[in-house]
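Asks: Just the structure for this:
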Amino acid sequence: MTLYTNADSNRHKTWLLLSVFFVAIIGIGYVFGVAMDNSAIIYGAVIFSIVSSFVSYWWSDKIVLTMSGAHEVTHDNARELYHLVENLCITAGLPTPKIYLIDDTAPNAFATGRDAEHAVICFTTGILGKLEKTELEGVVAHELSHIGNRDILLATIVTVLVGVIVLMADWFMRWSIFGGRRDDNNDNGGQIALIMTIVAIALAILAPIFAYLMQFAISRKREFLADASGALLTRYPEGLARALEKISADTEPLEAANRATAHLYFASPFKADTNQEVSWFAKLWLTHPPIKERVAALRGLKM
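Replies: The predicted structure follows:
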């Protein structure tokens with residue numbers, strides 16, 4: 001399988017997972033609606049997910065940048081970085097994105113925005129000071145690949161859908177605790193209601209777990225693809241591999257990061273993703289593939 005067929009396969013798999021998310025939201029809304037004797041819940045769940053997706057589509061970059069405490073830089077006050085990004089954009093056939101900086105000594109970066117014309121690449125001051133030029137080029141190429149592959153929009157939509165599922169589960173659990181149980185004098189109807197309530201409680205517990213696992217799985221797939229695409233862009237996978245090794249060896253946690261934005265970063269900002277061996281179960285909860293696997297995949301590429 002070539003890089004191009006792998007990219008196409010990953011796109012199809014990701015859109016399939018997104019379809020599963022929407023079906024899951026409708027299914028969970030239906031079960032909760034039956035259990036709560038309120039058919040409006042399913043419509044509310046679908047409308048809420050659509051509105052949330054609309055808001056995240058238009059303003060996701062501003063939300064993420066504000067949460068991260070980033071500030072914009074221009075050609076005049078970051079000339080070398082701007083030229084590096086601009087040159088790689090010309091090679092990739094992409095418009096030059098806005099460039100932001102986070103004042104943090106931990107080395108990392110991320111891309112956000114709804115499309116290539118409204119994209120942003122954000123770097124920490126630490127990554128600019130700790131990486132060599134070829135290594136930084138690899139990181140920039142990786143983030144540009146996220147933009148070119150439309151991963152930045154995909155990551156935002158998946159995050160919103162996961163949030164909707166978690167909120168629905170939380171609402172139902174609160175309802176079930178504070179006396180939302182319906183009355184039904186019919187024995188058969190009462191049994192059905194009880195069964196649906198039990199199913200709804202089980203979904204309220206398990207649905208967020210599976211939603212997060214799906215989000216993490218999508219994130220890991222996109223990181224492998226962006227690594228390969230970035231290496232193809234620079235024609236020098238070793239630069240990106242060395243950048244990964246340096247960032248994983250750095251022990252400083254990124255203070256600006258949080259659980260909502262962790263999956264956007266070039267490497268895990270919480271230092272959970274290191275060069276240590278990771279069990280298959282632990283991998284399920286990682287937003288990024290283990291560094292060793294990413295480095296091995298890059299050094300196994302044939303340019």
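
Asks: hey, where'd the strands end up in the stretch 101-250 of the chain?
Replies: Assigned by DSSP state E, counting those that start in this stretch, the stretch 101-250 of the chain shows strands spanning 109-112, 120-124.

Asks: R220: which of these is closest?
Replies: Across the strands of the stretch 101-250 of the chain, R220 has its closest neighbour in strand 109-112 (15.4 Å, C-beta to C-beta). C-betas here are computed from N, CA, C, even on glycine.

Asks: State the distance from F172 to I201.
Replies: 8 Å (C-beta to C-beta, to the nearest Å).

Asks: again with A267
Replies: In this structure, A267 and I201 are 38 Å apart, going by C-beta to C-beta.

Asks: Between the two, tell me which one has more neighbours.
Replies: Neighbours per residue (other C-beta atoms under 10 Å) separate A267 from I201, with A267 holding more: 29 against 17.

Asks: My read is that the more buried one contacts N108, right?
Replies: Yes: using C-beta atoms under 8 Å, A267 is in contact with N108, at 6.2 Å.

Asks: Name the single longest helix found in the protein.
Replies: Under DSSP state H, the helix in the chain containing the largest number of residues is helix 187-234.

Asks: For it, name the packing helices and strands.
Replies: Packing partners of helix 187-234 (3 or more C-beta pairs under 8 Å, 6 or more residues apart in numbering; DSSP states H and E): helix 3-35, helix 79-92, helix 133-148, helix 151-177, helix 237-249, helix 291-299.

Asks: And for the helix or strand that the fifth one is followed by, what's in contact with it?
Replies: Sequence-wise, the next helix or strand beyond helix 237-249 is helix 280-283, with elements assigned using DSSP states H and E. Under the contact criterion C-beta atoms under 8 Å, 6 or more residues apart in numbering, helix 280-283 has outside partners 220, 289-290.

Asks: Swap in 7 Å and give it another go.
Replies: P290 (C-beta atoms under 7 Å, 6 or more residues apart in numbering).

Asks: same check, this time on stretch 201-210
Replies: Around stretch 201-210, the neighbours that count as contacts under C-beta under 7 Å, 6+ apart are 28, 31, 165-166, 169, 172-173, 176.

Asks: Lowest-confidence entry in these?
Replies: Least confident by pLDDT among the contacts of stretch 201-210: that is S176, with 67.

Asks: Just put the strands of the stretch 101-250 of the chain in CSV and tack on mean pLDDT.
Replies: Listed next are the strands of the stretch 101-250 of the chain as CSV, based on pLDDT from 0 to 100:
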stretch, mean pLDDT
strand 109-112, 94
strand 120-124, 96
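
Asks: which of these sits most buried?
Replies: Highest mean neighbour count of those: strand 109-112, a mean of 27 (counted as mean count of other C-beta atoms under 10 Å).

Asks: Run through the neighbouring helices and strands of it.
Replies: Contact analysis of strand 109-112 by 3 or more C-beta pairs under 7 Å, 6 or more residues apart in numbering; DSSP states H and E lists helix 40-68, strand 120-124, helix 133-148 as its packing neighbours.

Asks: Give me the buried positions along the longest one.
Replies: I take that to be helix 40-68. 41-42, 44-45, 48-49, 52-53, 56, 60-61, 64-65, 68 (16 or more other C-beta atoms under 10 Å).
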